[in-house]
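[1] Fold the following and give me the result.
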Amino acid sequence: MTKNRAKDILQPKNEEAINRAKTLLREARFAALASLTPETGHPIASRVSLANEIDGTPLILVSDLSSHTPALKADARSSLLIGEPAKGDPLAHARMTITCFSEFLDRSSEDYIYARTRFLNRHPKAALYVDFGDFHFFRLKVATISLNAGFGKAYKLEKEDLIIYEHLPLAEFKKTEESVLEHMNEDHQQAIQHYAECFCKKQEKGWQLSGLDPEGLDLMKGDEITRLWFDKPLESVDEIRQKLISLARR
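    The predicted model follows:
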């Protein structure tokens, strides 16, 4: 009976639900992280700043002084709760729970350097402490996704729905992303403002690009982040320039 009721509660997965989940992840600046304490095995929850690798995989920067750092080192199992309530009933707003397996990034590795760049693009004020010896990056590998998009809108999604896979040129984009962001933010502020106004319905001034991947752009203004999805994924870095020009023209 209980299993049947659970099946009835879950809605069939569809494109709208997948896009909602991916947008929640890409726009999140923070999340609630739950890890397992080594001493008792009890889950402990704490708020963490959040960024993404280019494929969407969550990244966190944590200190040795926090309880979840030794917890993640002792047991890779963890979960993230993403979604920020707005006005009214908090349960009426979309949120998503992702179960993860944490991976510690060695400070001397290329993955660490890349994570540092992506994280600082999302959280520039973290430059004050990111290189302290007691701060570390963890990559949170996605296992399962539970999306609640509001009352009566519960979905079970797969990792493939949330994370970009190697059928797209991720390695090429990782090499190119930073130079594109610097060029656009320094020389094409008006185009970025057009992206924010026309595609993201944001009328405030001062937007910058903070991320680029084959599926879209991350725009940031102060503490606010918004996502611009391309109509279809880019198959090559050679398509970036023309895509940015066509968006500006539209």
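
[2] quick one, domains of the protein?
    Annotated domains of the chain cover 2-162, 170-249 [automatic domain parsing].

[3] May I see those arranged in a markdown table, with mean neighbour count and mean pLDDT as well?
    Quick note: C-beta positions are derived from backbone N, CA and C, even for glycine. A markdown table is the format used below for the domains of the chain (neighbours: other C-beta atoms under 10 Å; pLDDT from 0 to 100):
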| stretch | mean neighbour count | mean pLDDT |
| --- | --- | --- |
| domain 2-162 | 16 | 91 |
| domain 170-249 | 16 | 95 |
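
[4] For this protein, just list every one of the strands.
    30-36, 43-52, 58-63, 77-82, 95-104, 135-148, 154-157, 208-213, 216-221, 224-229 (DSSP state E).

[5] and the angle from the fifth one to strand 77-82?
    When you say that, I think you mean strand 95-104. For strand 95-104 against strand 77-82, the angle by axes from the mean of the first three to the mean of the last three C-alpha atoms, to 10 degrees is 140 degrees.

[6] mind saving the C-alpha coords of strand 95-104 as PDB?
    Extracted in PDB, the C-alpha atoms of strand 95-104 (Å, rounded to 0.1, in the frame of the first residue of the first chain):
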ATOM      1  CA  ARG A  95      13.200  22.800  -3.900                       C
ATOM      2  CA  MET A  96      15.400  19.800  -4.700                       C
ATOM      3  CA  THR A  97      17.300  17.200  -2.600                       C
ATOM      4  CA  ILE A  98      20.400  15.700  -4.200                       C
ATOM      5  CA  THR A  99      22.100  12.700  -2.600                       C
ATOM      6  CA  CYS A 100      25.900  12.900  -3.300                       C
ATOM      7  CA  PHE A 101      29.200  11.200  -2.800                       C
ATOM      8  CA  SER A 102      31.900  13.700  -1.800                       C
ATOM      9  CA  GLU A 103      35.300  13.800  -3.400                       C
ATOM     10  CA  PHE A 104      38.200  15.700  -1.700                       C
END
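
[7] Ok, which of the strands of the chain comes nearest S236?
    Proximity to S236 (C-beta to C-beta) singles out strand 208-213 among those, at 13.1 Å.

[8] Please name the strands paired to that closest one in the sheet, noting orientation.
    strand 216-221 (antiparallel) (DSSP bridges).

[9] Off-centre distance for the strand it pairs with?
    Strand 216-221 sits 11 Å away from the centroid of its parent chain (C-alpha atoms, centre = their mean, to the nearest Å).

[10] And the contacts of it?
    26-27, 122, 192, 195-196, 200, 202, 204, 206-212, 225-230 (C-beta atoms under 8 Å, 6 or more residues apart in numbering).

[11] related to what we said a few turns ago, got a markdown table for the strands of the chain, with distance to D89 too?
    Formatted as a markdown table, those follow (distance: least, C-beta to C-beta, whole Å):
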| stretch | distance to D89 |
| --- | --- |
| strand 30-36 | 19 |
| strand 43-52 | 21 |
| strand 58-63 | 27 |
| strand 77-82 | 17 |
| strand 95-104 | 12 |
| strand 135-148 | 13 |
| strand 154-157 | 16 |
| strand 208-213 | 31 |
| strand 216-221 | 28 |
| strand 224-229 | 23 |
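
[12] Ok, which of those strands comes nearest V237?
    strand 208-213 (9.7 Å).

[13] what angle sits between the closest one and strand 43-52?
    Orientation note: strand 208-213 sits at an angle of 100 degrees relative to strand 43-52 (the same axes, to 10 degrees).

[14] Done for today, thanks.
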